[in-house]
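A.B. asks: let me see the structure of the following:
(one chain, ligands or ions: 1)
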Amino acid sequence: MNESAAPARRLFFALWPDAPTRARLAAVARRCSQHPVAAENLHMTLYFLGACGAAQERCYSNVVSRIKFEPFEINLNYIDFWARPQVRWLGARVVPPGLTALMEALGAALATCGYQPDKRDWVPHVTLSRKDKNPHCETDLPKLEWDVREFVLAESVRLDGDLRYRLRGRWPAGV
Ligand code: 3AM
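C.D. replies: Down below sits the predicted model:
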């Protein structure tokens, strides 16, 4: 198949939890919903790119590989609910400067490939459940300090009707 005939991939940049953080997030998601996001799918979206061809993906991957950032910690300390999409999510009352800096660096890099970010304010969050009817979740949150040491490029795919993510690239902090 030549490159232009290859199907576009639905891509997004994200923070991908390490295994212990993922297990803690999954436990909260299970406690809060009968239909939690699958543990392996839990993440924090940074930039949703949409359908990308191979050349576009290459451009994004190239420009972000030049980003230098320091590791940082996100303290996920509250649960909220977006009524329209019926999404329950976990957020951070304080956005760490390291995350703000990474978002700015990524935004500037992606713009050089022609990317135009969403005009809505970005709210850092981890989606715990979708199509959730119950806006309330009474649970004591455990300490959820996420030690961020990389960002990733993920592809969203449907497999037998289920949403799955495949990692297409990962970029570590401090290099
Ligand atoms: O990370 P969360 O779960 O908040 O809802 C989709 C998911 O968000 C979102 O991108 C993330 C990875 O799929 N998404 C899907 N389509 C989108 C769109 N058209 C979108 N975000 C913005 N615009």
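
A.B. asks: and this structure, which of its residues are near the ligand?
C.D. replies: Listed as neighbours of the ligand in the chain under the rule C-beta under 6 Å from any ligand atom: 12, 45, 48, 50, 118, 127, 156. The way it works is simple: take the backbone N, C-alpha and C, and place the C-beta from them, glycine included.

A.B. asks: please identify which helix or strand holds the last one.
C.D. replies: Spelled out, it's residue 156. strand 150-159 (DSSP states H and E).

A.B. asks: what about the strands in the protein?
C.D. replies: 9-15, 44-52, 72-75, 78-82, 87-91, 125-129, 145-148, 150-159, 162-172 (DSSP state E).

A.B. asks: format those as CSV; extra columns: mean neighbour count and mean pLDDT.
C.D. replies: As requested, these are arranged in CSV below (neighbours: other C-beta atoms under 10 Å; pLDDT from 0 to 100):
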stretch, mean neighbour count, mean pLDDT
strand 9-15, 20, 98
strand 44-52, 18, 97
strand 72-75, 17, 98
strand 78-82, 16, 94
strand 87-91, 21, 96
strand 125-129, 22, 97
strand 145-148, 17, 98
strand 150-159, 17, 96
strand 162-172, 14, 97
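
A.B. asks: what pairs with residue 145 across the strands?
C.D. replies: Assessed by DSSP bridges, residue 145 has beta-bridge partners residue 75.

A.B. asks: so it makes contact with residue 73?
C.D. replies: Yes: with contacts counted by C-beta atoms under 8 Å, residue 145 reaches residue 73, the gap being 5.4 Å.

A.B. asks: show me the residue at the heart of this protein, geometrically.
C.D. replies: Most central in the chain under C-alpha atoms, centre = their mean is residue 45, positioned 2.2 Å from the mean C-alpha point.

A.B. asks: show me what contacts it?
C.D. replies: Each residue near residue 45 by C-beta atoms under 8 Å, 6 or more residues apart in numbering is listed here: 12, 13, 14.

A.B. asks: nearest to residue 69 among those residues?
C.D. replies: Nearest to residue 69 out of the contacts of residue 45 is residue 13 (C-beta to C-beta; 12.4 Å).

A.B. asks: which ones are touching the closest one?
C.D. replies: Counted by C-beta under 8 Å, 6+ apart, residue 13 has contacts 45, 46, 47, 49, 60, 64, 106, 110, 151, 152, 153, 154.

A.B. asks: correct me if wrong: the third one contacts residue 116.
C.D. replies: No: taking contact to mean C-beta under 8 Å, the distance of 10.6 Å between residue 47 and residue 116 leaves them out of contact.
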